[in-house]
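*Asks:* take a look and give me a structure for this.
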Amino acid sequence: FSLTLVNQYSRNLSKLRETQHWFDQKAPNWGFQEMITLTELHAKAGLVVNGELTIVAKIEVLEVVGKLDGSEESSSVVETVDVNGFHVLPSQVESVKLLFESHQDFASKFRLNNPYMKTAYMNVLLSLTQTLCRSPQELS
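*Replies:* Down below sits the predicted model:
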């Protein structure tokens, strides 16, 4: 998978991070521990333009190993809660509500129709928010 912070002035100046990872229940992974410092993000012209940052996530599936049969599938379904059109885990509801309260126009500007992409987007946004709320000492 890869994550790209898009430079809106020049694609050649975008910041790309990519890796190969085997995803399964025993080895969850949410991305990179470090992508860019907040200082560097604001210092590089073209990454944040008019208060907006564009992030492109690409995932390449090389192989799917194993299938769930009907009985396993029903027992592994994760219940989600709809918050302004975003399906989130019950443990994320309060964080998402706070995000929408702080940025009231957020849902109206976000126009993805694919529910999986919306969920992935919200997970990345929540993770980024949690990281930015930590102190520099915690992050080092």
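
*Asks:* strand partners (parallel or antiparallel) of the lengthiest strand in the chain?
*Replies:* Taking DSSP state E as the criterion, the chain has its longest strand at strand 52-58. Using DSSP bridges, the strands paired with strand 52-58 are strand 2-6 (antiparallel), strand 48-49 (antiparallel).

*Asks:* out of those, nearest to residue 118?
*Replies:* Closest of those to residue 118 is strand 2-6, at 17.3 Å (criterion: Cβ to Cβ). Placement of C-beta: from N, CA and C, glycine included.

*Asks:* what residues does the closest one touch?
*Replies:* For strand 2-6, the surrounding residues in contact (Cβ atoms under 8 Å, 6 or more residues apart in numbering) are 14-19, 31-32, 35-36, 41, 47, 53-58.

*Asks:* now do the contacts for residue 129.
*Replies:* Residue 129 makes contact with 95, 99, according to Cβ under 8 Å, 6+ apart.

*Asks:* tell me the mean pLDDT over the helix or strand encompassing it?
*Replies:* Using DSSP states H and E, residue 129 sits within helix 115-132. Across helix 115-132, the average pLDDT comes to 75.
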